[in-house]
Structure formats: C-alpha cells, structure tokens
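1. Fold the following and give me the result.
(one chain, ligands or ions: 2)
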Amino acid sequence: MAEQKEATRPERFKAFSHVFDEGTLRAVFKVASTGQFEALLSPIKIGKEANLFTAKKGEDWRCVKVYRIASNFKKMFEYMAPDPRYAGLKRNKMSIINTWAIKEYRNLLRARENEVRVPTPYYVFKNVLVMEFIGHNEPSPQLNNKAPEDPEAFYEMLISNIRTLYQKARLVHADLSQFNVLNYDEKPVIIDFSHAIDLRYPNATQMLERDIRIMCDYFRKLGLKKDYKEEVGKVIAK
Ligand SMILES: Nc1ncnc2c1ncn2[C@@H]1O[C@H](COP(=O)(O)OP(=O)(O)OP(=O)(O)O)[C@@H](O)[C@H]1O
Ligand SMILES: [Mg+2]
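-> Ligands and ions are numbered 1, 2, ... in the order given. The predicted structure is shown next:
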C-alpha cells in the first residue's frame, strides 16, 4: 500500500523526499494536488522553524513555507496558549505545529485585509503554508542584507505599516527585526507572522515596544535618530 502511494507520487516531489518526513511529504503533495502549485522549485531558506521554497503555478511564482517538527514546540505552546483565539489548544507536537501554520496564515490574512504590506496568504494545510512570492525571480533581500537607499522614506513606510497593523488589524508582529522585513524595490514587506499576537494578548504593548525599539536601533545605524518611545506613542495614538 505504502509502495503504491509512493509510485503515484509525481517525480518532481521525490527530489525533496529527504528533507521532509513522510507526513509532510504527503501534505505537500496534497496541497499541490489542489492546484496551489505544480512543483517546488528551489529552497529559499532552511530556517530555524521552517523550510521555505519557491514554487510555480503556471507563470506565477509562489512561496511555500513548510514548518518543521521543531524541537522548540514547547515555546510555541507558551506563545499561543494565552491567546484567546487558541483556547483549548492541545499539548501535542504535531497539532501545535499545524496550529502554528494556521496562526501565521490567519495573521497574514488579517494584515493583508487591512492593507498592511505582507505576502498574501493563499492556502494552509497541516504544516504547509502557500503565500505570495516577494521578489522578481529571486526573493527580495532581507533588510539586513540590503539597506534602504533612502532610510528615512523606508522607515516612514515601515512605521506606517506597523501602525496600520496595530490600529486596523489589531495585531502586533512580536518578532520584528531587519531579518523579517524584505526590501522589495525599496519598499518594505513584513514577513514571518507566526509570532504575531492579538492586541488582547497580555504582553501586546511590551511586544510592540520591543518591535519598534529593534527597528529604531537598526535605522540608527543608518543615521536616522528616532526616539523609540515617541514612535510607540505615534503607533498607539488614535
Ligand atoms: N513570501 C516570501 N517571498 C520571498 N521570500 C520569502 C518569503 N517569505 C520568506 N522568505 C524568505 O525566507 C526567509 C525565512 O522566512 P521566515 O522568516 O518566514 O521563516 P523563519 O522560520 O522565521 O526563518 P528564520 O530562521 O530566518 O527566522 C526570509 O528571511 C526570506 O528571506
Ligand atoms: Mg524569520
């Protein structure tokens, strides 16, 4: 039976069989069979929590994030347990990872619906998330790898996105840094929303302060002096 299943799997996924466990390979295949993408192209990043790939749907590029059965799932649980949206979450490894993927999908959707510049999420199934690809044939660089040509203009766009995320989407990113902002043609696109939290989360304000402090520290190195507390005030003020 297992052999038969293997035989029906298209060749194009065989190349990835060594990076995925059996269940993940099945999930990737299932998502592909819904028409989300025809093939995984190449790895973008083998990250701490996930592996990211480019994929193609016709002429369109997509980004596929596959959450790994990470060893830090206890930390994931602690992040999600106080969030009222995940009440009743089970302390089971696979269900935590799948919930983590759904959490990122929902957060991205909520941000996108409120016109925050994030990749549009297309689909989530188990630990596989399909989203818009940010780049032109190559993924756009992280801010860390490509500083903006006009730091002030870039910063203003970024803080305005953080404000919209807070005021309209009612979310705080909670893991913001120069690694989770892409420099897409000199405009910011915020990625990696798996840690994002609802404003009802007890530490939401502290997380927002931390996000803004980290970004202000980064921009200070580029010569832009911003008082992070003042910036937090601007984001929170109605
Ligand atoms: N939609 C996208 N389009 C293009 N590139 C992307 C996209 N999403 C993520 N990437 C690339 O993949 C990298 C890792 O993505 P992400 O931050 O979501 O995962 P992660 O598990 O947090 O990885 P890390 O170990 O870097 O923290 C990003 O820094 C970026 O370079
Ligand atoms: Mg990241």
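2. Indicate the residue of the chain located nearest to ligand 1.
-> Proximity of the chain to ligand 1 (CB to the nearest ligand atom) peaks at G47, 2.7 Å away. From N, CA and C alone the C-beta is placed, and that goes for glycine too.
3. so how many other residues sit close to that residue?
-> 15 (other CB atoms under 10 Å).
4. show me the contacts for W100.
-> For W100, the contacting residues are 49, 67, 76, 80, 127, 194, by CB atoms under 8 Å, 6 or more residues apart in numbering.
5. scratch that, K146
-> K146 sits next to N183 when contact means CB under 8 Å, 6+ apart.
6. Equivalent analysis for F193, please.
-> 103-104, 107-108, 111, 118, 171, 173.
7. Swap in 7 Å and give it another go.
-> F193 makes contacts with 104, 107-108, 111, 118, 173, as judged by CB atoms under 7 Å, 6 or more residues apart in numbering.
8. Nearest spatial neighbour of it, chain-adjacent residues omitted?
-> Closest residue to F193 apart from its sequence neighbours, by CB to CB, 6 or more residues apart in numbering: N107 at 4.0 Å.
9. next one: the helix or strand hosting that neighbour to chain centre, how far?
-> Element membership for N107, per DSSP states H and E: helix 93-113. Centroid separation for helix 93-113 versus its chain: 9 Å, with CA atoms, centre = their mean, to the nearest Å.
10. Spell out which parts of the chain neighbour ligand 2.
-> 180, 192 (CB under 5 Å from the ion).
11. Domain-wise, how is the chain divided?
-> The chain breaks down into these structural domains: 12-138, 140-236 (assignment by automatic domain parsing).
12. Including mean pLDDT, could the ones you listed go into JSON lines?
-> Formatted as JSON lines, these follow (pLDDT from 0 to 100):
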{"stretch": "domain 12-138", "mean pLDDT": "86"}
{"stretch": "domain 140-236", "mean pLDDT": "97"}
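13. quick one, phi psi at the residue of the chain closest to ligand 1?
-> phi -90, psi -180 (degrees, to the nearest 10).
14. hang on, isn't N127 packed against I96?
-> No - using CB atoms under 7 Å, N127 makes no contact with I96, being 10.2 Å away.
15. And for the residue of the chain found nearest ligand 2, nearest residue in space, chain neighbours not counted?
-> Closest to ligand 2 within the chain is D192: 3.8 Å, counting by CB to the ion. Leaving aside its sequence neighbours, D192 sits nearest to N180 (CB to CB, 6+ apart; 4.4 Å).
16. I'd like to know how many residues surround the one you found.
-> Going by other CB under 10 Å, the residues that sit close to N180 add up to 19.
17. before we move on, which element is the most centrally placed residue in the chain in?
-> For the chain, the residue nearest the mean C-alpha position is D192 (2.3 Å; CA atoms, centre = their mean). Under the criterion DSSP H and E, no helix or strand holds D192.
18. I'd assumed L182 was in contact with it.
-> No - with contact defined as CB under 7 Å, D192 does not reach L182; the gap is 9.8 Å.
19. List the residues that contact M157.
-> Contacts of M157 by CB under 7 Å, 6+ apart are 187-188.
20. wait, is it part of a strand?
-> No - going by DSSP: H, G, I helix; E, B strand; the rest coil, the assignment for M157 is helix, not a strand.
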